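*Asks:* heads up, no residue letters with this:
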């Protein structure tokens with residue numbers, strides 16, 4: 001069994017015509033998605049359950065970490081502005097997405113037109129900071 005993160009199984013509820021969804025917990029040895037069956041009290045294949053329709057990635061699932069002082073330039077040219085990254089959403093694929101306050105400074109949102117993300121402590125390397133990585137380190141010691 002392989003743990004799964006970031007996938008949802010969707011089912012059609014025949015009695016109501018509505019839909020339900022369950023988080024995929026793991027993948028079995030043959031690659032089938034497993035969900036919890038409250039009736040059976042164990043993991044079962046999602047595709048074998050009544051009403052199964054599809055699997056979908058859950059892009060909103062992941063972890064949040066503090067913004068850590070990072071800033072972003074949103075937009076380009078005269079319309080650009082600098083905004084604080086209030087948090088990073090780390091998705092199940094390992095990629096980080098910066099989150100910002102919305103225009104009312106009330107809720108958190110993503111921005112699709114950010115141009116650059118940077119940290120105020122960031123600095124350019126001086127030529128003296130460069131090392132030739134093709135050479136092994138020299139022993140300066142004892």
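*Replies:* Structure's in. What do you need? The structure displayed is predicted, hence computed values, not measured ones.
*Asks:* those strands in the chain, which residues are they?
*Replies:* 2-3, 7-12, 19-23, 26-27, 33-37, 42-45, 52-57, 63-66, 71-74, 81-84, 87-90, 96-101, 108-109, 114-118 (DSSP state E).
*Asks:* want to throw these into TSV with mean neighbour count, mean pLDDT and distance to residue 124?
*Replies:* All C-beta atoms are positioned from the backbone trio N, CA, C, and that covers glycine. Listed next are the strands of the chain as TSV, based on neighbours: other CB atoms under 10 Å; pLDDT from 0 to 100; distance: least, CB to CB, whole Å:
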stretch	mean neighbour count	mean pLDDT	distance to residue 124
strand 2-3	8	84	41
strand 7-12	18	91	42
strand 19-23	14	88	45
strand 26-27	14	94	45
strand 33-37	19	95	47
strand 42-45	14	96	52
strand 52-57	14	91	38
strand 63-66	11	89	26
strand 71-74	17	86	16
strand 81-84	11	88	19
strand 87-90	17	87	24
strand 96-101	17	86	22
strand 108-109	12	69	31
strand 114-118	13	79	12
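*Asks:* how near is the residue nearest the centre of the chain to residue 66?
*Replies:* The centre of the chain sits closest to residue 91, judged by CA atoms, centre = their mean, with a distance of 1.3 Å. Distance, residue 91 to residue 66, using CB to CB, to the nearest Å: 17 Å.
*Asks:* what of residue 110?
*Replies:* Distance, residue 110 to residue 66, using CB to CB: 16 Å.
*Asks:* how far out from the middle of the chain is stretch 3-10?
*Replies:* Here stretch 3-10 is found 14 Å from its chain centre; the criterion is CA atoms, centre = their mean, to the nearest Å.
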